[in-house]
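Chemist: any chance you could fold what I've pasted below:
(one chain, ligands or ions: 1)
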Amino acid sequence: MGMTTNHYYPGLEGVVAAETRLSHVDGQKGILIIAGFPVEELADKATFEEATYLLWHDALPTAGQLQEFQQALAARRALPPATLALLREAAVAQVPVMDALRMAAGTLNLNVPATGGDPAHDQALALLARFPTIAAAYWRLRQGHAPIPPHEKLGTAANFLYMLSGEEPAAAAVRGLETYLNTVIDHSLNASTFTARVIISTRSDLVSAIVGAIGALKGPLHGGAPGPALDMVFEIGSAGRAEAYLRAKLERGERLMGFGHRVYKVRDPRATLLAAAAEKVYTAGGDMTLYNLVRAVEEKAVALLEEYKPGRNLKTNVEFYTALLLYGLGLDTELFSPTFAVGRVAGWIAHCFEQQAANRLIRPSSAYRGVWDRRWVPLGQR
Ligand code: COA
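Modeler: Just a heads-up that it's a prediction; the model follows:
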């Protein structure tokens, strides 16, 4: 407390700015722990509601608690009329989906059902329940279709797919999406989570913290990467063209989306997990063409990154296989980042609760590099 140092850490790299029980990343060993579980186990076994409950309550729910939680979410999925009206206007303007999500999330302290308990918890439930509805409703509006009202009987993942297509999804697709949502539910102090914690640390409200987090997530260095990553694969088109394409990109000094990570210096364990989930989805679909192309592009990209940035250990990150998996589930590239938000909002909220429980205003220092001795010159003499 009260400690001051003069060290400047660009990008806060290596700075520990929170204590958390929510998740741990070991970037050298390629390990991700979520609330005590290896991500591989949680991702494949839990429903999204179970994983969320685990983060929010630090314990797996009993059957009764899980049912109550699912019902509470299902009852809160419908959007306030003002939110829907906003989405309709945004669709006319063809606003990008992440921008529409950010705008709509800002309206979510309207029509929040009160349980009589902690209002912040009511707010958390409404945010979690409504994110998929916003993404799906807006996507349909932008395609010129009417939104599909949420299905009360379906879980979060199944209902999201249902609201996009109007058809009840196959169990394998639901499992694939659930594995994805659990995989990205939390990831230590990433940029969007840090943003949320900074905002809540001022004793601001949950909606403000979540809106700020969406703004941080949408950038291409964070959650905006998977769409461009898959677009790149489509542009490459066939394995034989990968090397020339990637080399040209690196020669121009461009970054390859889906590679490199601030913390992981080995292959992101989430990439391995999502690649396996994608393999199942594409095998079930009976066409491995895209899956095989993505594997080939990955291999070339990792080799070329080592050639162009030797010793930097730029490996495949979560976004590369996010793209392959979500595309295999029938989602358009523009829906990848919003779907990331549908999962990560559970983690953002858990971090906000954690920050509030042991709050200290987050307020770092800056090193002044400006001039010290300017003299005021009256306007007419400048
Ligand atoms: N393609 C090409 N070059 C890359 C690269 C990539 N994907 N990622 C990093 N580099 C380069 C950097 O430009 C830097 O080169 P320089 O020192 O010659 O300027 C060097 O490799 C080291 O970068 P590093 O310090 O490891 O990056 P970072 O910690 O600042 O950034 C990311 C991490 C994720 C922002 C970065 O790797 C990136 O932009 N990746 C692509 C976007 C992406 O996939 N984001 C999703 C992350 S989950």
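
Chemist: count the residues that sit near Pro149.
Modeler: Neighbourhood size, Pro149 [other CB atoms under 10 Å]: 13. The C-beta positions use only the backbone N, C-alpha and C, and glycine is treated the same way.

Chemist: just checking, it touches Ala78?
Modeler: Yes: at 6.9 Å, Pro149 counts as touching Ala78 under the criterion of CB atoms under 8 Å.

Chemist: okay, the residue sitting nearest the centre point of the chain: pLDDT?
Modeler: For the chain, Phe340 is the residue whose C-alpha lies nearest the centre (CA atoms, centre = their mean; 3.4 Å). If you check Phe340, the pLDDT there is 97.

Chemist: need the contact list for it.
Modeler: By CB atoms under 8 Å, 6 or more residues apart in numbering, Phe340 lies in contact with Val184, Leu217, Gly223, Pro226, Thr322.

Chemist: tabulate these in TSV, adding columns for secondary structure and neighbour count.
Modeler: Below are the contacts of Phe340 laid out as TSV (DSSP: H, G, I helix; E, B strand; the rest coil; neighbours: other CB atoms under 10 Å):
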residue	secondary structure	neighbour count
Val184	coil	24
Leu217	helix	26
Gly223	coil	28
Pro226	helix	28
Thr322	helix	28
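
Chemist: and the least confident of those?
Modeler: Lowest in pLDDT among those is Pro226, which has 88.

Chemist: ok, it - contacts?
Modeler: By CB under 8 Å, 6+ apart, the neighbours of Pro226 are Met257, Gly258, Glu319, Phe320, Thr322, Ala323, Leu326, Thr333, Phe336, Ser337, Phe340.

Chemist: out of those residues, which sit inside helices?
Modeler: In helices, defined here by DSSP state H, the members of the contacts of Pro226 are Glu319, Phe320, Thr322, Ala323, Leu326, Phe336, Ser337, Phe340.

Chemist: so which of the residues you listed would count as near the ligand as well?
Modeler: Restricting the ones in helices among the contacts of Pro226 to those near the ligand by CB under 6 Å from any ligand atom leaves Glu319.

Chemist: pLDDT score for the closest residue to Ala158 other than its chain neighbours?
Modeler: Among residues not flanking Ala158 along the chain, Val174 sits closest, at 4.5 Å (CB to CB, 6 or more residues apart in numbering). pLDDT recorded at Val174 is 96.

Chemist: so how far is His121 from Val174?
Modeler: 27 Å (CB to CB, to the nearest Å).

Chemist: neighbour-wise, which of those two wins?
Modeler: Val174 (23 against 15).

Chemist: residue contacts, the residue lying closest to Ala105 once chain neighbours are set aside?
Modeler: Counting by CB to CB, 6+ apart, Ala105 lies nearest to Val211, which is 5.2 Å off, once chain neighbours are set aside. By CB under 8 Å, 6+ apart, the residues touching Val211 are Arg102, Ala105, Gly106.

Chemist: can I get the residues you listed in JSON lines with neighbour count?
Modeler: As requested, the contacts of Val211 are arranged in JSON lines below (neighbours: other CB atoms under 10 Å):
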{"residue": "Arg102", "neighbour count": "22"}
{"residue": "Ala105", "neighbour count": "24"}
{"residue": "Gly106", "neighbour count": "16"}
